[in-house]
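**Q** this is a predicted model, with the sequence first.
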Amino acid sequence: MAGCAKPSAPKPDTLASDSAQAPAAAASLDVRRTTAPPAQNPRDIAAMFRNEAESRPLATIKAEDVLEAFRKAGVELDGVRQHLARPYGARYCVGAKSGTAIALSVCEYIDPAAADAGAELSRKIVLANREIRVNQATTLTVREIEKTANADALKQKLFDSFAELSVLATTK
């Protein structure tokens, strides 16, 4: 995905949802952290990655939950790693590949309006065979590296799995 970097990040099998117990009513979900992320030296990429990982939104579909839903749907993922969220206005992003045909990115935003704005910002970057979907305050970007019928089917499977997720269903 555009904006991907190669930081030291957890391996796919060590990514775990740290979501707190979800309240019974969605209306009571607090989507904002109480403090803003601290300013960082823009040249300190490692600090930016740490800051983004520590400043994740509280009430959104977590990237780990999205990736787990894909695995449960039978999608093999590799190269799972954090990439910079800041260029898309997101708080936290994770990218991955599925074979040689699909690259994907899952980004968490502070609220649904920010996710919509981030998706629109990303769409301004010209990139062939890429589609972005928004679910609540989380986006899924899928790029078909190889445009084939199999890649089309896999892309649809990813979007279908993503559409079925919700904050209350994924938090534990």
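**A** It's in. Treat the numbers as computed from the prediction; the structure is a model and nothing was measured.
**Q** next, residue 140: phi, psi?
**A** Note on residue 140: its backbone torsions stand at phi -130, psi 120 [degrees, to the nearest 10].
**Q** give me the pLDDT for it.
**A** Per-residue confidence at residue 140 stands at 98 (pLDDT).
**Q** one more: the one 10 residues further on?
**A** Per-residue pLDDT puts residue 150 at 94.
**Q** residues touching it, list them.
**A** residue 101 (CB atoms under 8 Å, 6 or more residues apart in numbering). Bear in mind the C-beta positions are built from the backbone N, C-alpha and C, glycine included.
**Q** hey, which helix or strand in this structure has the poorest pLDDT?
**A** In the chain, no helix or strand scores lower on mean pLDDT, DSSP states H and E than helix 167-170, which sits at a mean of 57.
**Q** before we move on, which element is the residue nearest in space to the middle of the chain in?
**A** With distances taken as CA atoms, centre = their mean, the residue of the chain nearest its centroid is residue 106 (1.8 Å). For residue 106, the element it lies in under DSSP states H and E is strand 102-108.
**Q** show me where this structure has strands.
**A** Along the chain, counting by DSSP state E, strands occupy 78-83, 92-98, 102-108, 130-135, 138-144.
**Q** quick one, which of those strands is nearest to residue 62?
**A** strand 102-108 (6.8 Å; CB to CB).
**Q** just the residues contacting the closest one, thanks.
**A** Strand 102-108 is touched from outside by 1, 4, 56-57, 60-63, 66-67, 83, 85, 88, 90-98, 115, 118, 137-145, 151, 154-155, 158, with contacts defined as CB under 8 Å, 6+ apart.
**Q** cool, and stretch 119-133?
**A** Around stretch 119-133, the neighbours that count as contacts under CB under 8 Å, 6+ apart are 2, 88-89, 134, 139-145, 147, 155, 159, 162-163.
**Q** mind running it again at 10 Å?
**A** 1-3, 87-90, 102-105, 107, 109, 115, 118, 134, 139-147, 151-152, 155, 158-159, 162-163 (CB atoms under 10 Å, 6 or more residues apart in numbering).
**Q** list only those of the residues you listed flagged as buried.
**A** For the contacts of stretch 119-133, a burial check counting by 16 or more other CB atoms under 10 Å picks out 1-3, 88-90, 102-105, 107, 109, 115, 118, 134, 139-144, 151, 155, 158, 162.
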